[in-house]
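A.B. asks: fold the following.
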Amino acid sequence: MFPDGTGPSADPAGSHHERRIRSFQPRRSRVTAGQRAALQRLWPRWGFDIDGMRHLDLDAMFADSSERAPGTDSGIPHAHASPTLPVVLEIGFGMGEATAEMAAADPHTGILAVDVHTPGQGNLLRLADERGLSNIRVGNGDAIILLREMLVPESLSGLRVYFPDPWPKKRHHKRRLIQPEFLDLAAVALRSGALVHCATDWEPYAEQMLDVFSGHPEYENTQLDGGFSPRPAVRPRTRFEGQGLQKGHKVRDLLFRRR
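C.D. replies: Numbering: from 1, shown residues only. Below is the predicted model of the structure:
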């Protein structure tokens, strides 16, 4: 679809790393002309494939990206040092509207936005370009591989997981992203004091999230009563969230800190 490295790869990690039960389901939908143009023009500068083959230099990634960093093949250098710029990892950003809004409200924080949905990747790049946002980088692929293979310890200042797939059927619960093993992996990449913010409109999943976070020794609830958090003003309401509210779903926010 995107020859010569001008867009995201179909399977960036290939067979380089072990396969696992995936917490996401790839969605196939049409890429609009505007999204395709944004991907072709901006991907070499603001996008990267999660191939698991190198460590990311987050400082270099979020420096002025009008030109590629010298000595790299994709504008994304290798590194073994934690960034000085606060960088927040967002896993699953949909069409990117909320991500762009949060980036505009906090231009001094870098957002490493990861998804597997090509139209959403193109739309977020388009929004960033139109609004002059230089603090968004878009990752294509499995966030688990990113955390496990490509981020150095204590390189993240925050983690956001908004409305992940709830996998409502009991036999599919093992596919849910928020599991003890995921929190183990995230704890390595997160700095002490980093804020982890999750939100879901699926009540059983919200309860599971609360149990998993509360039972993990590396995280502490920001709520003194040990429960859910009121929705912070910094998290914009999305169309997806609005649809859930119209169906009578209750949206739950969880705010935990890395100890």
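
A.B. asks: tell me the secondary structure at the closest residue to R252 other than its chain neighbours.
C.D. replies: In this structure, R252 finds its nearest non-sequential neighbour in A206, 3.8 Å apart by CB to CB, 6 or more residues apart in numbering. Glycine gets a C-beta too; all of them are placed from N, C-alpha and C. A206 falls in the helix class when you classify it by DSSP: H, G, I helix; E, B strand; the rest coil.

A.B. asks: and the pLDDT at A206?
C.D. replies: For A206, the model assigns a pLDDT of 98.

A.B. asks: distance of L58 relative to M150?
C.D. replies: 10 Å (CB to CB, to the nearest Å).

A.B. asks: higher neighbour count, the two?
C.D. replies: L58 (27 against 22; other CB atoms under 10 Å).

A.B. asks: by mean pLDDT, which helix or strand of the protein comes out lowest?
C.D. replies: For the chain, scoring each helix and strand by mean pLDDT, DSSP states H and E identifies helix 239-246 as the least confident one, at a mean of 85.

A.B. asks: any chance you could map the strands in the stretch 51-200 of the chain?
C.D. replies: Along the stretch 51-200 of the chain, counting by DSSP state E, counting those that start in this stretch, strands occupy 87-91, 110-115, 136-140, 156-162, 190-200.

A.B. asks: got the angle for the fourth one vs strand 190-200?
C.D. replies: Here strand 156-162 runs at 10 degrees with respect to strand 190-200, directions being taken by axes from the mean of the first three to the mean of the last three CA atoms, to 10 degrees.

A.B. asks: list the contacts of R258.
C.D. replies: 187, 190-194, 196, 218-219 (CB atoms under 8 Å, 6 or more residues apart in numbering).

A.B. asks: hang on, the earlier thing: and the strands of the stretch 51-200 of the chain as JSON lines, adding mean pLDDT and distance to F182?
C.D. replies: Putting the strands of the stretch 51-200 of the chain into JSON lines (pLDDT from 0 to 100; distance: least, CB to CB, whole Å) gives the following:
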{"stretch": "strand 87-91", "mean pLDDT": "98", "distance to F182": "10"}
{"stretch": "strand 110-115", "mean pLDDT": "98", "distance to F182": "13"}
{"stretch": "strand 136-140", "mean pLDDT": "98", "distance to F182": "17"}
{"stretch": "strand 156-162", "mean pLDDT": "98", "distance to F182": "9"}
{"stretch": "strand 190-200", "mean pLDDT": "98", "distance to F182": "11"}
